[in-house]
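[1] Everything below, folded, please.
(one chain, ligands or ions: 1)
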Amino acid sequence: MRHDGFETLAIHAGQQADPATGAVVPPIYQVSTYKQDGVGGLRGKELGAAARWIEGYEYSRTDNPTRGALEECLAALEGGARCLAFASGMAAADALIRAVCRPGDHALIPHDAYGGTFRLFDKVLAGSGLSYLPVPMSDAGAVRDALAARPARLVWVETPTNPLLSIADIAALHHLAADAGALLVVDNTFASPYLQQPLALGADAVVHSTTKYIGGHSDVVGGAVVVADPELAERLYFLRNAVGSAPGPFDAWLTLRGAKTLAVRMDRHCANAARIADMLTAHPAVAAVYYPGLASHPGHEVAVKQMRGFGGMVSFRLRAGAAEALAVCGRTRLFTLGESLGGVESLIEHPARMTHASTAGSPLEVPADLIRLSVGIESCDDLIEDLRMALG
Ligand SMILES: *Cc1c(COP(=O)(O)O)cnc(C)c1O
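    This is a model prediction of the structure:
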C-alpha cells in the first residue's frame, strides 16, 4: 500500500473534519476542563484518532484536542511513534533530558550548541548532577573517543548547527551511540522534518523549537519531542503533565496551521538561501560563507546524503571585521534586525552580541565579525539588492 506523502500528511494527519460540526480545520478548544457524564465518565472517544492516546478529556494540562491534533501531525511528519508538544523548544528539551537522565549521568553536547541548550546543560542541569562535555559533532572520531573515555547516557546533536551551519552525520552517530548504549537525540529545528528525518537515520528522539520553521510565521513560541519508543513517550507524557509545560490551545492551533505549508515554504527558503549564499561568496566584502549547500562547505557531502535541501539559514564573515558586521546589521531595509529564525520574513542578526552573547568566554564563543541570516520567502531579487546595499 502507498503511504501518504509529506505534503499530504502535513495537511491531513491528525486533522480529520470535526466530528460534531464538520469543520475542516480542528477547532481551537480554548478550554481548561471537561464535563464528565457521571464521575469518571470522560467524553472524547468520538474524536477518534485525535484522542488516540487517551481515554477522554479531563483537564487541558493533561490533554487537549487541538494540541492532540498538532501532536499527531508532527509525529507523522517525523515518522515517529508519538509526539509531545511543549510550551517552547527549551521546555521540550528539558523534559526529554529529565525523562532520560538521572543524577550522575553524563551527556555529550555539540561544541557549537544552540546557546539556550548550552545554558540548560551548564546552568540548570549541571546543578542536579548531570555532567556534560562539548564535542564537535561533525567529527565522528571525536565522538567515538569521548564515548570511550566516559560512558554517556545521552548524545545531543544539532545539524545544521547555529550559527555556523556545521553538519553532523546522523547515521554514523547512531552507530556510535548505539554501541555505547547512549540515547541519540537530534535537535531538528534548523532542517525541519521536510528536509531531514533523523528517526529514519537511527536517532531515538527528535526535538523541535516549533517557534521556527514549523510555526513559520514568527507569531508563536512552541516546542515538540518526537520519539520512536512509545515507552519513552509515556514517560514524557507523565513528566509534562506533572510539571505543566504544555502549550495552550491557541498556540497549538497556530503551530498546526503553520505546519500545513511547511513543504512549500521550505522549498522557497532553500531556493532563496542558495542564491544569497552564491551572491555572498562572490562579494568582495565577504571573507567566508557558511551554507551546507555550497560544495566548499566541509559538511556538504553528508548534507547531500541526509537532507532533501540545505535550509534557509546562511552565515557569513566580513573582511572589515566586527564593527562593520554590526553596521551591516543596522543598514538593511527588508532583513529585519532581530533574533529567532524560520519565519516567512527575512531576519539578520549579530550572533556574538545577540543570540550567542551567553557563550562569550566559553569554548562555544562565536566570531565577532559573523552575521547570521534567516532567509525568508520574499522576492529573492529584493533580498539580494537589500544585502548588496547594506554591504556597500
Ligand atoms: C530557538 C531554538 C531552540 C529553543 O527553542 P524556543 O522555542 O526558543 O524555546 C532550540 N534549538 C534550536 C536549534 C533553536 O534554534
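[2] quick one: contacts for the residue nearest to D169 when sequence neighbours are not counted?
    Once flanking residues are discounted, D169 sits nearest to V302: 4.7 Å by C-beta to C-beta, 6 or more residues apart in numbering. From N, CA and C alone the C-beta is placed, and that goes for glycine too. Taking C-beta atoms under 8 Å, 6 or more residues apart in numbering as the criterion, V302 is in contact with S138, I167, A168, D169.
[3] Can you say which helix or strand has the second one in it?
    Using DSSP states H and E, no element contains I167; it sits outside every helix and strand.
[4] does the residue in the stretch 101-250 of the chain that the ligand sits nearest to have beta-bridge partners, and which?
    Of all residues in the stretch 101-250 of the chain, S209 sits closest to the ligand, at 2.9 Å by C-beta to the nearest ligand atom. Beta-bridge partners for S209, by DSSP bridges, are G223.
[5] ok, it - contacts?
    S88, G89, M90, A92, D187, T189, G222, G223.
[6] what about the residue lying closest to T261 once chain neighbours are set aside, neighbour count?
    Using C-beta to C-beta, 6+ apart and skipping residues adjacent in sequence, the residue nearest T261 is G216, 6.9 Å away. For G216, the neighbour count with other C-beta atoms under 10 Å is 27.
[7] Likewise for the one 3 residues further on?
    Here the number of neighbours of D219 (other C-beta under 10 Å) works out to 13.
[8] Name the nearest residue to it, sequence neighbours excluded.
    L254 (6.1 Å).
[9] gap between the one you found and the ligand?
    Distance, L254 to the ligand, using C-beta to the nearest ligand atom, to the nearest Å: 13 Å.
[10] who touches the helix or strand that residue falls within?
    Using DSSP H and E, L254 falls within helix 249-259. With C-beta under 8 Å, 6+ apart as the test, helix 249-259 has contacts from 10, 14-15, 25-26, 28-31, 60, 64, 66-67, 69-70, 73-74, 77, 85, 87, 210, 214-217, 219-222, 247.
[11] Using JSON lines, lay out the contacts of V302 together with neighbour count.
    Shown next, in JSON lines, are the contacts of V302 (neighbours: other C-beta atoms under 10 Å):
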{"residue": "S138", "neighbour count": "23"}
{"residue": "I167", "neighbour count": "25"}
{"residue": "A168", "neighbour count": "24"}
{"residue": "D169", "neighbour count": "23"}
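[12] quick one: buried residues of stretch 248-259?
    Of all the residues in stretch 248-259, those buried under the rule 16 or more other C-beta atoms under 10 Å are G248, P249, D251, A252, W253, L254, T255, L256, R257, G258, A259.
[13] So what touches stretch 227-234?
    80-84, 99-100, 199, 203-206, 236.
[14] Buried only: go through the residues you listed for me.
    G80, R82, C83, L84, A99, V100, L199, A203, D204, A205, V206, L236.
[15] domain parsing for the chain?
    Domain assignment for the chain, taken from automatic domain parsing, gives 6-260, 262-391.
[16] Contact residues of this protein facing the ligand?
    Listed as neighbours of the ligand in the chain under the rule C-beta under 6 Å from any ligand atom: 88-90, 114, 116-117, 158, 162, 187, 189-190, 209, 211-212, 221, 223.
[17] quick one: which of the residues you listed sit in strands?
    E158, D187, S209, G223 (DSSP state E).
[18] Need the residues you listed in JSON lines (columns: pLDDT).
    Compiled in JSON lines, these are given as follows (pLDDT from 0 to 100):
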{"residue": "E158", "pLDDT": "97"}
{"residue": "D187", "pLDDT": "98"}
{"residue": "S209", "pLDDT": "98"}
{"residue": "G223", "pLDDT": "98"}
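[19] Identify the residues contacting the residue of the chain at minimum distance from the ligand.
    The minimum distance from the chain to the ligand, using C-beta to the nearest ligand atom, falls at G89 (2.2 Å). By C-beta under 8 Å, 6+ apart, the residues touching G89 are G116, T189, V207, H208, S209, T210, T211, K212, V221, G222, G223.
[20] what's the closest non-adjacent residue to D204?
    Nearest non-adjacent residue to D204 (C-beta to C-beta, 6+ apart): L183, at 4.8 Å.
[21] actually I97, not the one I typed
    L125 (6.2 Å).
[22] Angles on the backbone of the one you found, please.
    Backbone geometry at L125, expressed as degrees, to the nearest 10, gives phi -80, psi -30.
[23] How about P160?
    phi -70, psi 160.
[24] and what of T211?
    Per degrees, to the nearest 10, the backbone of T211 is at phi -50, psi -30.
[25] you'd agree T66 is up against V25?
    No: applying C-beta atoms under 8 Å, one finds T66 not in contact with V25, separated by 10.0 Å.
[26] Who has more neighbours out of these two?
    T66 (26 against 13).
[27] Identify the residues contacting that one.
    P26, P27, I28, Y29, P249, F250, A252, W253, L256.
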